[in-house]
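S.K.: Following is a predicted model, sequence given first.
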Amino acid sequence: MTRPLVTILDDEPEIRTLLADALEEAGFDTLSFSRARAFEAALATHTPDVCLVDLSLPDSDGLTLVHRLALEQGAIVIIISGRAQVQDRVTGLELGADDYIIKPFDPAEVVARIRARLRSAKPTPQAGTVAAFSGWKAHFDRYALEDESGVETPFSHAEGEVLRLFLDAPKRLLSRAQMQSSLGGVASESFDRAMDVRISRLRTKLREDPKNPQLIKTIYGAGYIFLGDVTWS
C-alpha cells in the first residue's frame, strides 16, 4: 500500500524535524521545505495528500499560498501557525484551509488530525467520484464542477467536503451539528463562519441566486437541505 505523502512548509528546522519524525513513524512519507519557492517547485513533480503550511514564511504570504493550494491542488491543507487570534483562524479557513493548528502543538495531535482528514476525504466505493445533479457534474477526482456545456470551475478541498455531504444526503436536513461532526470540526464561531463562507462559495460556483437559491436551501435555525436529484458514477 502506498504511504500518504505529507509536505511540511515551515522555516523553523526544529518544527520540520519534529513533524517529519512523528509522521514517518506513524506511516507517512514526508517532504520538508523552509521556503515557499522550493515547495511550489516540488509540486510540479510530487502530488501530496496533505500540505502542512506555516503562515509566517520569509519569502511568501502564507495565506495567499493556502488559498492557491486549496484551489489548485487536491491536497488537504492544514495551517500550523503561532498566530492564535480568532481572526487569523477564520481567515485561514475562509481561504480554503481544512484545519488550523496553533503552535506549540503535540505531534500526536497533528498525526491524529491528518488521519481524520484523510478518512473524511476518502470517497466511499459505493458513491464513486462523479456526481450528476441539475445539469451539473461534480468531479471529486479533480475537484471541479462541470456545467452542461462542459465548462469547468474548480472548487477547493474544503468546499468539496461540504458539497460531498450534501450530495451524499440529498433532500435530507443536515444540521450544523451533523456537519461539524462529519467534518471533524470543533463547534465554535469560527467553524460556523467557515461553513457559511464555504456554502456561499458553492452557491456562487453553482450560479445560484443568493436571495433565492434553488439547490442549497437554508432552513433557518435548523440547517441546510440540498434539493437536487443526485446520481453517482
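M.R.: Nice, thanks for sending it over.

S.K.: From here on, just use CA atoms for contacts and neighbour counts.
M.R.: Fine.

S.K.: mind listing the strands in the chain by residue range?
M.R.: Ranges of strands in the chain, per DSSP state E, are 5-9, 29-33, 50-53, 76-81, 99-102, 130-133, 136-139, 144-146, 152-154, 216-219, 223-226, 231-232.

S.K.: In terms of secondary structure, what does the second one contact?
M.R.: Spelled out, that is strand 29-33. Strand 29-33 sits against strand 5-9, helix 13-25, with contacts defined as 3 or more C-alpha pairs under 8 Å, 6 or more residues apart in numbering; DSSP states H and E.

S.K.: can you tell me which residues contact the closest residue to Asp147 other than its chain neighbours?
M.R.: In space, and not counting its chain neighbours, Asp147 is closest to Trp136: 4.8 Å by C-alpha to C-alpha, 6 or more residues apart in numbering. By C-alpha atoms under 8 Å, 6 or more residues apart in numbering, the contact set of Trp136 is 145-148.

S.K.: Could you export those to a markdown table, including columns for neighbour count, pLDDT and distance to Lys211?
M.R.: Shown next, in a markdown table, are the contacts of Trp136 (neighbours: other C-alpha atoms under 10 Å; pLDDT from 0 to 100; distance: C-alpha to C-alpha, whole Å):
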| residue | neighbour count | pLDDT | distance to Lys211 |
| --- | --- | --- | --- |
| Leu145 | 23 | 95 | 22 |
| Glu146 | 18 | 96 | 23 |
| Asp147 | 17 | 96 | 21 |
| Glu148 | 10 | 96 | 23 |
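
S.K.: Return the closest of the residues you listed with respect to Pro154.
M.R.: Within these, the smallest distance to Pro154 is 6.2 Å, found for Leu145 (C-alpha to C-alpha).

S.K.: Can you tell me the closest non-neighbouring residue to that closest one?
M.R.: Ala138 (4.6 Å).

S.K.: With adjacent residues omitted, what lies nearest to Ala222?
M.R.: Nearest one to Ala222, counting by C-alpha to C-alpha, 6+ apart, is Ser175 at 5.7 Å.

S.K.: could you give the mean pLDDT of the longest helix that the chain contains?
M.R.: As assigned by DSSP state H, the longest helix anywhere in the chain is helix 189-205. Mean pLDDT, helix 189-205: 82.

S.K.: next one: stretch 14-31
M.R.: pLDDT averaged over stretch 14-31 gives 97.

S.K.: and it, how far out from the chain's middle?
M.R.: Distance of stretch 14-31 from its chain centroid, counting by C-alpha atoms, centre = their mean, to the nearest Å, is 21 Å.

S.K.: Also stretch 36-45?
M.R.: Centroid separation for stretch 36-45 versus its chain: 20 Å, with C-alpha atoms, centre = their mean.
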